[in-house]
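Trainee: Here's a sequence, model it:
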Amino acid sequence: MSDISRVALVTGSATGVGRACAVRFAKLGFDVVVNYSKSEDDAKETVSLVEAEGQRALLIQCNVRNDADVKQMMQQIEGEFGRLDVLVNNAAMTYFVEHTDLDAMTEEKWDDILAVNVKGPFFVTRAAVPLLKQSDAAAVVNVSSTAGVVGAGSSIAYCASKGALNNMTMSLARALAPEVRVNSVCPGPIDSRWLRGHLSAEELQAMTNDFPIPRPAQPDDVADAVIYLATGTTLTTGQRLVVDGGRTR
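Mentor: So this is what the prediction gives:
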């Protein structure tokens, strides 16, 4: 690599895991593309945190479910940086629906979840491939979930979407090899705004009391795994790395 900074795009990086990843990449000397859909003020805070590490940040609003907007985002990245070395597909959404309430899992909710959690990572990865293939250390990391491994989570559709993302990770790893590595990270419960909107701190802790490491993940715990798969290995591809305190075995 030259002394020009490498570039990482982290989708959904306004808060939580996405923000943690953006800041960690900046600490490693990456310039960072901060993507958000709705949370502009939070995304601007992420930009400030990246810039505080002495790196450049590019703020782009884009809903990853929209292929045309994704392609435009990639054009902005190419125009600003002329390169892309790492893509973290972190943007996701869900509805909290009891698994036994099948009628509440409506077609509209299915469509929203699949559009963001499955089609979105595919659209962004596809648009990023030309730039990624110009890097000599290109990596894609999909932020999935143990919901896609064990079928337990916020809703049946969410579990199905993350299972699909894990499978797509393997397919893309084959399709983009050897130039681009593709892996996924599967966290368990994360102590972030996502779950805190539905669970108290006590309820979140209770979910993890019987885990071998009995606590929910912090965003930085997930960022550890993302950074490893993006920068700490050169032979790992098509894998899912579970980060849930040892519960899923």
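Trainee: quick one: Asp103 from Ile156, how far?
Mentor: 12 Å (Cβ to Cβ, to the nearest Å). In short, each C-beta sits where N, CA and C put it, glycine included.
Trainee: list the buried ones in stretch 58-74?
Mentor: For stretch 58-74, burial by neighbour count (16 or more other Cβ atoms under 10 Å) applies to Leu58, Leu59, Ile60, Cys62, Asn63, Val64, Arg65, Asn66, Asp69, Val70, Met73, Met74.
Trainee: can I get those in JSON lines with distance to Val23, pLDDT and secondary structure?
Mentor: Below are the buried residues of stretch 58-74 laid out as JSON lines (distance: Cβ to Cβ, whole Å; pLDDT from 0 to 100; DSSP: H, G, I helix; E, B strand; the rest coil):
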{"residue": "Leu58", "distance to Val23": "15", "pLDDT": "98", "secondary structure": "strand"}
{"residue": "Leu59", "distance to Val23": "14", "pLDDT": "98", "secondary structure": "strand"}
{"residue": "Ile60", "distance to Val23": "17", "pLDDT": "98", "secondary structure": "strand"}
{"residue": "Cys62", "distance to Val23": "20", "pLDDT": "98", "secondary structure": "coil"}
{"residue": "Asn63", "distance to Val23": "23", "pLDDT": "98", "secondary structure": "coil"}
{"residue": "Val64", "distance to Val23": "21", "pLDDT": "98", "secondary structure": "coil"}
{"residue": "Arg65", "distance to Val23": "26", "pLDDT": "98", "secondary structure": "coil"}
{"residue": "Asn66", "distance to Val23": "27", "pLDDT": "98", "secondary structure": "coil"}
{"residue": "Asp69", "distance to Val23": "25", "pLDDT": "98", "secondary structure": "helix"}
{"residue": "Val70", "distance to Val23": "23", "pLDDT": "98", "secondary structure": "helix"}
{"residue": "Met73", "distance to Val23": "20", "pLDDT": "98", "secondary structure": "helix"}
{"residue": "Met74", "distance to Val23": "23", "pLDDT": "98", "secondary structure": "helix"}
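Trainee: Now do the contacts for the spatially most central residue of the chain.
Mentor: Centroid-nearest residue in the chain: Asn90, 1.8 Å away (criterion: Cα atoms, centre = their mean). Asn90 is in contact with Val10, Thr11, Gly12, Ser13, Val17, Gly18, Cys21, Val143, counting by Cβ atoms under 8 Å, 6 or more residues apart in numbering.
Trainee: Looking at those residues, which is nearest Leu165?
Mentor: For the contacts of Asn90, the residue nearest Leu165 by Cβ to Cβ is Val143; the value is 8.6 Å.
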